[in-house]
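Participant: turn this into a structure:
(2 chains)
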Amino acid sequence: MCGIAGLIWKGGKKSNVGSELTSMLQALKHRGPDSTGFALYGTATPDDFIMRFITAEQEALKKGFIIHKEVEQREEEVEARIKELGAVIKDQKAPTEYAHRYQFSYDGDLHRLIDYVEDVDGVEVMSVGRALELIKDLGDSKTVSEQYKLGNFDGTHAIGHTRMATESDVDIRSAHPYWAYPFNDVSVVHNGQLTNYWTHRRDLERRGHRFMSTCDSELIAVYIADRIDHGDDLETAMRSSVDYLDGVFSYVVATSDQLGMAKDVMAAKPMVVYESDEFVGLASEEIAIRSIFPREIDTMDPYEGEVLVWQV
Amino acid sequence: MAGLSKSDSSHKSHDMGMHDEQLTGRTQQMYFSPSEDENFEHAYAYDVDFSKATEFDCADLSTTDINIKIRNLMKEGYGTINIINPMGKHALGVGILNRLNLTFEGSLGYFACGLIDGPNVHINGRVGWSCAENMLAGTVIIEKNAGSLFGAAIRGGDLVCKGRAGARVGIDQKGGTIIVGGDVGAFTGFMMQRGRMIILGDARENLGDSMYDGTIYLAGKAKSLGVDAVEAELTELDIRYLKGKLALYGMEAPNGIENITKISSGKQLWNYDNLEPTEKKLVL
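Facilitator: Residues are numbered from 1 along each chain as shown, chains lettered A, B, ... in the order given. Sure, this is the predicted structure:
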């Protein structure tokens, strides 16, 4: 079933999007308690990149003792490789044993750096960006939010996802949001099933794109990345995705300064939109938006095949 | 009647003791004996007094608690109940099987007022997906927008949305009337079987797709009609019906009732008694 949510403060206003999205996703917990993911857009660091990566899946850490040593070695290897390419690491944080956040400055080929880091066995890069921080883990919204201390994350916009795994495994790799590798700050959350996933995946892989999981939703992130690579803006890319993707879906995309949503041509998956002069909130159910706005609000359901994009 | 003998109740299995066992466990079935004092009423239908009014705030109550509270109030004879702060919760006001004046001061989530038979519900807000699903009788009036699957499979009563509604309005409608003041989404009236639908705004793709029967009145324009949905002639009787129905809820057709388009089934998909090609061969 899955629940998705997104929010954006217009006119560059900043708010505690971390706690706002946490309560929105907690209200959607009944749509899927398997895993929860956040893509938060904070204050942009114009000179630095923020990279979030994991060195192992939770599942792997439960099995055996050697793995704990291995994840340490993996992190050391990642650090060494980043330094080797000439990047300057300015900050290192580890919210959990396996999840890391690096802030570094780098002016070389970012694509190559990401590939080099991911080449380390067991390492997956969640996101790289100037403003984007992508956090996903098993458990409900509150659990993940507390684990990663998202309670006071100031930013302009955010998207999130609570997952009921239907098409692939319950692990961090298959959790949403998906980052549109290798593009800075582009992330996607999706509710639904895509039926032409394999056809398009094979096609995109031949053209050099990378798929980390077998989750059908990743196709949207990769496709959007491909279209942006071809020079499309976000809205054009999303409009063409409605024809390109087959199946049922409602999805939300965010870039460093935009937030967009699209619905399939059957309008089979839910989405509720609330828009005021300073704020836009969207979610699978109104109850999520109401969790941050306790007053009565006017909301609407977008129609089939509709694409909406908002600017920060 | 050769070869037929009376069924033998003293079957072998009875001798083996297989039918003596007392079955245990819980059941939700209710058993009735149609004696006069039971009056053939619904189970859980209460006799209420409209002049007995009450109000409660449900902000801190769970869905189950709210629905139980409504039932307990009806048991006590309250016929007018006003509920404040529903906060978009799902499945509120469901399964009410008697007359009742129920008002929600705020928006409801999914499956609002489903499976009802008789109450007059007024919602001063919005509703999510599948509002009044399978409603049998009564009225539900929504002041703002409605989500998709509005009035799915309703069998009777009047369901009114004064704003716009989402996709698949009145899917599988089997009776009653659905009135939408604004636009409706794709596949409205999909597989409709009976009843009437009045849409005062525009409709999107595939209006009335595969409808078996029933009537759709459309004041605006449809992006496209579905398979086997055809325009029909608006008769004097239709106009009289529409005038009365819309006046009842204080609604008006934007271009006048005379310019409403009537859509009904072309009945080209009615192949119930036709044989499949393979079956034909067998018969011949």
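Participant: which SS class is residue A:137?
Facilitator: Under DSSP: H, G, I helix; E, B strand; the rest coil, residue A:137 falls in the strand class.
Participant: quick one: contacts for it?
Facilitator: A:35, A:36, A:37, A:58, A:96, A:99, A:143, A:144, A:147, A:148, A:172, A:175 (Cβ atoms under 8 Å, 6 or more residues apart in numbering or on different chains). The way it works is simple: take the backbone N, C-alpha and C, and place the C-beta from them, glycine included.
Participant: pLDDT score assigned to the nearest residue to the first one once chain neighbours are set aside?
Facilitator: Right, the one you point to is residue A:35. Take residue A:35 and drop its neighbours on the chain: the residue closest to it by Cβ to Cβ, 6 or more residues apart in numbering or on different chains is residue A:175, 4.0 Å away. Per-residue confidence (pLDDT) for residue A:175: 91.
Participant: try residue B:37
Facilitator: Residue B:37 carries a pLDDT score of 65 in this model.
Participant: ok, residue B:81 touching residue B:67?
Facilitator: No: taking contacts as Cβ atoms under 8 Å, residue B:81 lies outside contact range of residue B:67: 11.7 Å.
Participant: higher neighbour count, the two?
Facilitator: The residue with more neighbours, out of residue B:81 and residue B:67, is residue B:81; 24 against 18, by other Cβ atoms under 10 Å in any protein chain shown.
Participant: name the element the more buried one belongs to?
Facilitator: Residue B:81 is located in strand B:78-84, with elements delineated by DSSP states H and E.
Participant: ChimeraX command for the buried members of the contacts of residue A:137?
Facilitator: Buried residues within the contacts of residue A:137, by 16 or more other Cβ atoms under 10 Å in any protein chain shown, are selected in ChimeraX with:
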select /A:35,36,37,58,99,144,148,172,175
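Participant: mind checking the longest strand of chain B?
Facilitator: Of all segments of type strand in chain B, defined using DSSP state E, the longest is strand B:49-57.
Participant: now the residue nearest to residue B:66 when sequence neighbours are not counted: phi and psi?
Facilitator: Closest residue to residue B:66 apart from its sequence neighbours, by Cβ to Cβ, 6+ apart: residue B:58 at 4.8 Å. Here is the backbone geometry of residue B:58 (degrees, to the nearest 10): phi -110, psi 20.
Participant: measure how buried residue B:58 is and give me the count.
Facilitator: 22.
Participant: so what's the closest residue to residue A:251 other than its chain neighbours up against?
Facilitator: If the residues on either side of it in the chain are set aside, residue A:251 comes closest to residue A:190, at 4.2 Å by Cβ to Cβ, 6+ apart. Applying Cβ under 8 Å, 6+ apart to residue A:190 gives the contacts A:2, A:4, A:161, A:176, A:178, A:217, A:220, A:249, A:250, A:251, A:252.
Participant: so how far is the helix or strand harbouring residue A:190 off the chain centroid?
Facilitator: Here residue A:190, judged by DSSP H and E, is contained in strand A:187-194. Mean-position distance between strand A:187-194 and its chain equals 10 Å (Cα atoms, centre = their mean, to the nearest Å).
Participant: the residue nearest to residue A:35: what's it in contact with?
Facilitator: A:34, A:35, A:36, A:37, A:136, A:137, A:138, A:161, A:163.
Participant: and those residues as CSV, adding pLDDT and distance to residue A:237?
Facilitator: As requested, the contacts of residue A:175 are arranged in CSV below (pLDDT from 0 to 100; distance: Cβ to Cβ, whole Å):
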residue, pLDDT, distance to residue A:237
A:34, 92, 29
A:35, 94, 26
A:36, 95, 26
A:37, 96, 21
A:136, 94, 23
A:137, 95, 29
A:138, 94, 31
A:161, 96, 20
A:163, 93, 24
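Participant: farthest pair within those residues?
Facilitator: Distance extremes for the contacts of residue A:175: the farthest pair is A:138 and A:161 at 12.8 Å, using Cβ to Cβ.
Participant: pick out whichever of those two has more residues nearby.
Facilitator: Shown here are residue A:138 and residue A:161; by other Cβ under 10 Å, residue A:161 has more neighbours (33 against 19).
Participant: who does the more buried one bridge with?
Facilitator: Beta-bridge partners for residue A:161, by DSSP bridges, are residue A:4, residue A:37.
Participant: longest helix in chain A, please.
Facilitator: Longest helix of chain A, by residue count under DSSP state H: helix A:66-84.
Participant: so what strands line up beside the helix or strand just after that helix?
Facilitator: Where DSSP H and E defines the elements, the next helix or strand beyond helix A:66-84 is strand A:88-93. Partners of strand A:88-93 in the sheet, by DSSP bridges, are strand A:99-105 (antiparallel).
Participant: including distance to residue B:49, could the contacts of residue A:190 go into CSV?
Facilitator: Converted to CSV, the contacts of residue A:190 look like this (distance: Cβ to Cβ, whole Å):
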residue, distance to residue B:49
A:2, 46
A:4, 46
A:161, 49
A:176, 52
A:178, 58
A:217, 54
A:220, 56
A:249, 50
A:250, 46
A:251, 51
A:252, 49
